[in-house]
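Q: Just the structure for this:
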Amino acid sequence: MKIFKFALVASALLLCLILSSCFGESNNDPKVSPIVDPIVPADNDPDLQNTDYNILFIGNSLTYSNDLPGLVRNLGEKNGLEIGVKSVVKGNYALIDHWNDGVIQQEIATAQYDFVVVQQGPSSQAFGREVLIEYGKKIKELCDEYGGELAYYMVWPSRTYYHTFDGVIKNHEDAASLNEALLCPVGRVWKKHFDDTNDFSYYGSDGFHPSLKGSQVAADVIYNTLF
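A: This next block holds a predicted model:
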């Protein structure tokens, strides 16, 4: 009986790991544990008054690594725009996790945000695609109700799973098209750079999270998409 119970627990844990790797933040490589705590922005209670635009970022450590929202805000300052940013980010979270938490609904309902930028893991697999589209639609409906515009932050696979890159790009493009949202095509820009130069310095040391250079490129793509 004890052996049977142990087998059930082990099976349940394995299922959780598989689901996480399908659509959350996982780098799709079960041999590599994702880093869930790179650099977290210190100020997540910003002053959103007297700004030109406000952006809500929803995602996981691919967003909070190197303080991507802060990098976008800094680009605004360089171009004469006062941009307020706030993040709802948790390690390994997908859009379904954020939706089930209920925090993002309350935040969007404050009607403070001109843009809501959403991000989850690579989403090259079927279930990740489904979540990207289905929960993106739910968030889009909230954005429409409260005056914001939805934008997808297209990410990338780990270097180990580079062969899934086309699927990552397609699923993000499809999700944005189906939900009539903006698309920040960071992953596509990364892939073109890699294929043209064979320079993979946009990746950090774990081969999945972005280096500072990679986050700066992401910020530039997001800023130019929105503004």
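Q: end-to-end on stretch 152-166?
A: The straight-line separation of the ends of stretch 152-166 (Cα to Cα, to the nearest Å) is 16 Å.
Q: The nearest residue to Asn66 once chain neighbours are set aside: what's it in contact with?
A: Residue nearest to Asn66 in three dimensions, not counting chain neighbours: Ser215, with 3.8 Å by Cβ to Cβ, 6 or more residues apart in numbering. For every residue, glycine as well, the C-beta is placed using N, CA and C. Going by Cβ atoms under 8 Å, 6 or more residues apart in numbering, Ser215 touches Ser65, Asn66, Asp67, Leu68, Leu71.
Q: give me the number of residues near the first one?
A: By other Cβ atoms under 10 Å, the residues close to Ser65 number 23.
Q: related to what we said a few turns ago, which members of the contacts of Ser215 are the farthest-apart pair?
A: Greatest spatial distance among those (Cβ to Cβ): Ser65 and Leu71, at 10.4 Å.
Q: how about the residue nearest to Asn66, secondary structure?
A: Assigned with DSSP: H, G, I helix; E, B strand; the rest coil, Ser215 falls in the helix class.
Q: distance of it from Tyr202?
A: 9 Å (Cβ to Cβ, to the nearest Å).
Q: out of everything not next to it in sequence, what's closest to the residue nearest the centre of the chain?
A: For the chain, the residue sitting closest to the mean C-alpha position, by Cα atoms, centre = their mean, is Gln119 at 2.1 Å. Counting by Cβ to Cβ, 6+ apart, Gly59 is the residue found nearest to Gln119 once chain neighbours are left out, at 3.3 Å.
Q: number of nearby residues for the one you found?
A: Gly59, neighbours per other Cβ under 10 Å, totals 25.
Q: go on, Gly91?
A: 16.
Q: Quick check: which element contains it?
A: For Gly91, there is no helix or strand it lies in under DSSP states H and E.
Q: quick one: contacts for Ile83?
A: Ile83 neighbours (Cβ under 8 Å, 6+ apart): Thr51, Asp52, Tyr53, Asn54, Ile55, Val72, Arg73, Gly76, Glu77.
Q: Pull out the buried positions in the helix or strand harbouring the fifth one.
A: Taking DSSP H and E as the definition, one finds Ile55 inside strand 53-59. Under the neighbour-count criterion of 16 or more other Cβ atoms under 10 Å, strand 53-59 has Tyr53, Asn54, Ile55, Leu56, Phe57, Ile58, Gly59 buried.
Q: Can you tell me which of those is nearest Gly167?
A: Distances from Gly167 to the buried residues of strand 53-59, taken by Cβ to Cβ, are shortest for Gly59, at 19.3 Å.
Q: Quick check: of the contacts of Ser215, which has the highest neighbour count?
A: Leu68 (29 neighbours).
Q: Please tell me how far Gln49 sits from Glu82.
A: In terms of Cβ to Cβ, Gln49 sits 10 Å off from Glu82.
Q: The two: which is more packed in?
A: Taking neighbours as other Cβ under 10 Å, Gln49 and Glu82 compare with Glu82 leading, 12 against 8.
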